[in-house]
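Participant: Give the three-dimensional model of this entry:
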Amino acid sequence: MKNNNTLPSQVKVRDSNMELLRIVAMLLVMVVHANFRALPVPGMAWLHAHPSSGFLMFMTEGFSIVAVDLFVLLSGWYGIKPRLNRFAELVFQVLFFGLVAIAGCAIFVPADLRPTSSVFSRLFLLGDFDYWFVKAYIAMYLFAPALNTFVEHATRRQFATVLLSFLAFQCIYGWLWEGTKWFVAGYSAISFMWLYLLARYVRLHPVKWLWQRSKWFDLAVYLGCVAFFTIAMFAIKWQGGRGGFLYFYNCPIVIVSALHLLLFFSKISLRSRLINWVAVSAFAIYLTHSSSFIGKYYDVYLLQWFTQCSRADFIGRAVLLIVGVFIASILLDKLRLLLWRPLNDLLFKR
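Facilitator: Down below sits the predicted model:
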């Protein structure tokens, strides 16, 4: 049975409220990487010695763990319309930042380019975790036509059945027991596809009592999830437990938190050329600070400051680093756009 719902067309004028969310998502990516990627997760002994610092770290993780899911949900909110020139631009952007990173290493730390055989591998993302997000996103992008066809033709009940069935499968084998390595913890294209479909469903089939509430309800749900993460992880680690599964991208609470933050921003009315100008280059922030060539220095400096500085000094330095990387990434991407435009005209506008 065919669904009579029609997909909203891709808006030509960007919604600044959702573009602001895109920027926020990338800032949160930097924050989540500055926390439990660069720094060790507090153990029981450390937490008993520094309870306030540990609590602050868990709260920071609670706020920022939604970042990856947010970025994917945004793609699903509007729907991906795959085009060859857009795909080529994404590849060009990844290669551009890879070459910039290589140039930086060649000037400042040439030893990091040895062995030379690894340069090719890292530039083209052949390693397991070389820009894992890029590879998962590209796979989702390539499957977007099939996903969109399903969205167009599935009944509401069929759509909901697929979402709930896969959620149950993912919770069992990719979250609680980690029994399926190809999508454990949400680091996979298939988890991204599910998030994409979830966002399409929420936008096309709004549930009045849940997804059509006030934006303040959505914000309250997000903040409630942050409070849960903070208190639960503090309590688990205080007793010497593990608890890392709460920070998986496919954790249902992370998904709920990200979804309601998305809904909160969707209900804000905002128009800003500056926000739209920055948001166009937001993905560059990830490409800069997570580069396999130079990304480790982001972590190294943060860990060094964390172990050697006072808490206030560390927070100040971390904020300055995040702001500096943010600005540098946006400006570098504007250069990339200048280089891409004539290439785009040459290759796709004959």
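Participant: Return the helix or strand in this protein with minimum mean pLDDT.
Facilitator: In the chain, the helix or strand scored least confidently by mean pLDDT, DSSP states H and E is helix 208-211, which has a mean of 77.
Participant: Can you list the helices and strands that the helix or strand that it is followed by packs against?
Facilitator: Scanning the chain past helix 208-211 towards its C-terminal end, the next helix or strand to appear is helix 215-238 (assignment: DSSP states H and E). Packed against helix 215-238 by the contact rule (3 or more CB pairs under 8 Å, 6 or more residues apart in numbering; DSSP states H and E) you find helix 44-49, helix 51-64, helix 252-266. Yep, even glycine has a C-beta here, placed from its N, CA and C like the rest.
Participant: What angle do helix 51-64 and helix 215-238 make with each other?
Facilitator: On the basis of axes from the mean of the first three to the mean of the last three CA atoms, to 10 degrees, helix 215-238 is oriented at 140 degrees to helix 51-64.
Participant: Buried residues, helix 215-238. List them.
Facilitator: Neighbour-count burial for helix 215-238, with 16 or more other CB atoms under 10 Å as criterion, is recorded at 217-219, 221-223, 225-226, 229-230, 233-234, 236-237.
Participant: Residue 59: which of those is nearest?
Facilitator: Distances from residue 59 to the buried residues of helix 215-238, taken as CB to CB, are shortest for residue 230 (4.4 Å).
Participant: Okay, the closest one and residue 195: tell me how far apart.
Facilitator: Distance of residue 230 to residue 195, given as CB to CB, to the nearest Å: 24 Å.
Participant: Now do the helices for the stretch 101-250 of the chain: every range, in order, please.
Facilitator: Along the stretch 101-250 of the chain, counting by DSSP state H, counting those that start in this stretch, helices occupy 116-123, 132-153, 156-170, 189-204, 208-211, 215-238.
Participant: Check the ones you listed for me: which has the lowest mean pLDDT.
Facilitator: Among those, helix 208-211 has the lowest mean pLDDT, at a mean of 77.
Participant: where are the low-confidence patches of the stretch 201-350 of the chain?
Facilitator: By pLDDT under 70, the weakly predicted segments of the stretch 201-350 of the chain are 350.
Participant: List the buried residues for stretch 248-260?
Facilitator: When burial is assessed from 16+ other CB under 10 Å, stretch 248-260 yields the following buried residues: 248, 249, 250, 251, 253, 254, 255, 256, 257, 258, 259, 260.
Participant: which pair in these spans the largest distance?
Facilitator: Across those, the two lying at the largest distance from each other (CB to CB) are 248 and 260, at 18.1 Å.
Participant: Contact partners for the closest residue to residue 25 other than its chain neighbours?
Facilitator: On the basis of CB to CB, 6 or more residues apart in numbering, the spatially nearest residue to residue 25 that is not a chain neighbour turns out to be residue 70, at 4.1 Å. Contact partners of residue 70, counting by CB atoms under 8 Å, 6 or more residues apart in numbering, are 21, 24, 25, 28, 258, 261, 262.
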